[in-house]
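> Sequence and computational prediction follow.
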Amino acid sequence: MSLNTQILIAAIFGVIFGFILNLFPETAFLEMSLYGIGVVSSIFIGLLKMLLIPLIFSSIVVGVSNLQAGGQLSRVWKITVACCVTTTTLALILGLSCAHLFEVGKGVDIAMFQDAMASHQTPDTLTPSSFFTNFIQNTLINPFKAFAEGNVLAVVVFALFIGVALVKGGEKFRTVRKLSQQFFYIMMLMIGWVMKLAPLGIFALLAKLIATEDISVLSRLAEFAAVVTGTTIFHGLVVLPLLLWIFGKMNPMTFFKGTRVALITAFATSSSSATMPLSLKCAQENLGVRPQTAGFVIPLGTQLNMDGTALYEAAAALFIANLMGLDLTLSQQLVVCLTAMIASLGAPGIPSAGMVTMIMVLQSVGLPAEAIAILLPIDRLLDTVRTVVNVQGDMMISVVVDRHTKDLDAPLPNLSNPS
Ligand code: ASP
């Protein structure tokens, strides 16, 4: 049975078990069951938290060190980075705006996170200057402290430096580059193991949710799923094609026709990494992108460019805050955007990777990590659509970069085969 089916079945059983528990209020059975599902869900969430920092670190080091191009090819990577930042920013703005517009999650008071909320500390209101000072003080620190404290931003900055150093050192640091790649693959392998536990974790989390919560939250979840799916589709069908048409001078119909195999594969696998060979093939053979451009942009984009994931994480953070009856200030929303952008950089292109990095987005504004319990049941569903948009973004950027670097003669390194 595929993991997807297992997760679906576990979700259904979790809901049913939660309802059954509701029938036995104040009994030893309820107490014992709540204890049991509490332990299972803590193990699952704990494992995800355990992998978060090493995963983000290795993912970014590998992504940046793939910018081998360096010196003479700086224009290529500058355009690539500019495209990634622009499309991700648009996705974030769209995600937050739609979550606001449709008021996702408003009007339900959720008790599940009361403990977490009791210790909830709203970060001080940030002025731009204090934001900047805080930013420097919190990010440029001893990396070991950052790892130990789970300071994601500091880890990201350190990873960026290491990545750049690996690019600059070139052949000299070949071993370290290889080592980081292998470390990254090990992290992916471990995420795979944790995902095997996902059905159990989801069962426990859902049963706990239903047994201890107001059911109206579930209808809010369906609303949220519809809003996020609609917004993601809008980004993929309107925003990205418009950018492609303006900056890549390509008819969106030609693009969709040429890339449909990769897009369908992305939908079915929920993994941009698994889809990458097809994205490369489609970009080169059907869209006419030069192999050296596609071989550089697409692997890099697979690692670092995820519009769908960023959009989802920003909207989801607002949804959780609304569910908990918290109004995020403008500066908190800015922090959500920045963290969601970093989270999408740090998420590898595998199923449900966004769920792991979601924790960091929640924590950035003091929301409890446990809140991902609410998002888990619909995560796999939403992952399909957001992965399509992630993959679409990578292929679209390869078209734009190719168009604007046609005059460069020097061949780009082919990074499509990381080994
Ligand atoms: N599944 C997504 C991808 O592979 C990542 C995510 O979970 O958002 O692109």
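Structure's in. What do you need? Quantities reported herein were computed from a predicted structural model and do not represent experimental measurements.
> The ligand contacts on the chain?
270-272, 306, 309, 347, 349-354, 383, 386-387, 390 (CB under 6 Å from any ligand atom). C-betas here are computed from N, CA, C, even on glycine.
> Go again with 5 Å.
Counting by CB under 5 Å from any ligand atom, the residues of the chain close to the ligand are 270-272, 309, 349, 353-354, 383, 387, 390.
> Ramachandran angles for residue 349?
Backbone torsions for residue 349, taken as degrees, to the nearest 10, come to phi -80, psi 60.
> what's the neighbour count on it?
Residue 349: 28 surrounding residues under other CB atoms under 10 Å.
> Report the contact partners of it.
Neighbouring residues of residue 349 by CB atoms under 8 Å, 6 or more residues apart in numbering: 271-276, 302-303, 306, 387, 390.
> So for it, what's the pLDDT?
Note on residue 349: pLDDT of 79.
> In space, what's closest to it - neighbours in sequence excluded?
Closest residue to residue 349 apart from its sequence neighbours, by CB to CB, 6 or more residues apart in numbering: residue 272 at 3.2 Å.
> ok, that neighbour - how many residues close by?
34.
> from now on call the first residue 44
Will do, 44 is the new start, and the previous item becomes residue 315.
> Next one: it from residue 80, what distance?
Residue 315 is 33 Å from residue 80, where distance means CB to CB, to the nearest Å.
> can you check residue 392 too?
Counting by CB to CB, the gap from residue 392 to residue 80 is 31 Å.
> Show me what residue of the stretch 44-193 of the chain gets nearest to the ligand.
Nearest residue of the stretch 44-193 of the chain to the ligand, counting by CB to the nearest ligand atom: residue 102, 11.2 Å away.
> Surely that residue is in contact with residue 349?
No - the criterion here is CB atoms under 8 Å, and residue 102 misses it with residue 349 at 11.0 Å.
> any shared contact partners between the two?
With CB under 8 Å, 6+ apart, residue 102 and residue 349 have common neighbours 388, 390.
> Of these two, which one has the most company?
residue 349 (36 against 25).
> and residue 420, how many neighbours does it have?
22.
> and the gap between the residue of the stretch 44-193 of the chain closest to the ligand and residue 410?
Counting by CB to CB, the gap from residue 102 to residue 410 is 23 Å.
> same thing with residue 66?
Counting by CB to CB, the separation of residue 66 from residue 410 is 31 Å.
> So for the two, which residue has more residues nearby?
Using other CB under 10 Å as the criterion, residue 66 and residue 410 rank with residue 410 on top: 25 against 10.
> got the contact list for the nearest residue to that one once chain neighbours are set aside?
What sits nearest to residue 410 in space, not counting adjacent residues and going by CB to CB, 6+ apart, is residue 363, at 5.4 Å. With contact taken as CB under 8 Å, 6+ apart, residue 363 is in contact with 148, 405, 410, 414, 417-418.
> Dump those residues into CSV; add secondary structure and pLDDT as well.
Converted to CSV, the contacts of residue 363 look like this (DSSP: H, G, I helix; E, B strand; the rest coil; pLDDT from 0 to 100):
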residue, secondary structure, pLDDT
148, coil, 75
405, helix, 87
410, coil, 84
414, helix, 80
417, helix, 78
418, helix, 83
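> Let me know the secondary structure of residue 331.
coil (DSSP: H, G, I helix; E, B strand; the rest coil).
> Which parts of the stretch 344-462 of the chain are strands?
Assigned by DSSP state E, counting those that start in this stretch, the strands in the stretch 344-462 of the chain number zero.
> low-scoring pLDDT stretches of it, where are they?
450-462 (pLDDT under 70).
> In space, what's closest to residue 283 - neighbours in sequence excluded?
residue 439 (5.4 Å).
> Contacts only, for that neighbour.
Counting by CB under 8 Å, 6+ apart, residue 439 makes contact with 130, 283, 286-287, 291, 298.
> circling back to that earlier point, so where does the residue of the stretch 44-193 of the chain closest to the ligand fall, helix or strand?
In the assignment (DSSP states H and E), residue 102 maps to helix 71-108.
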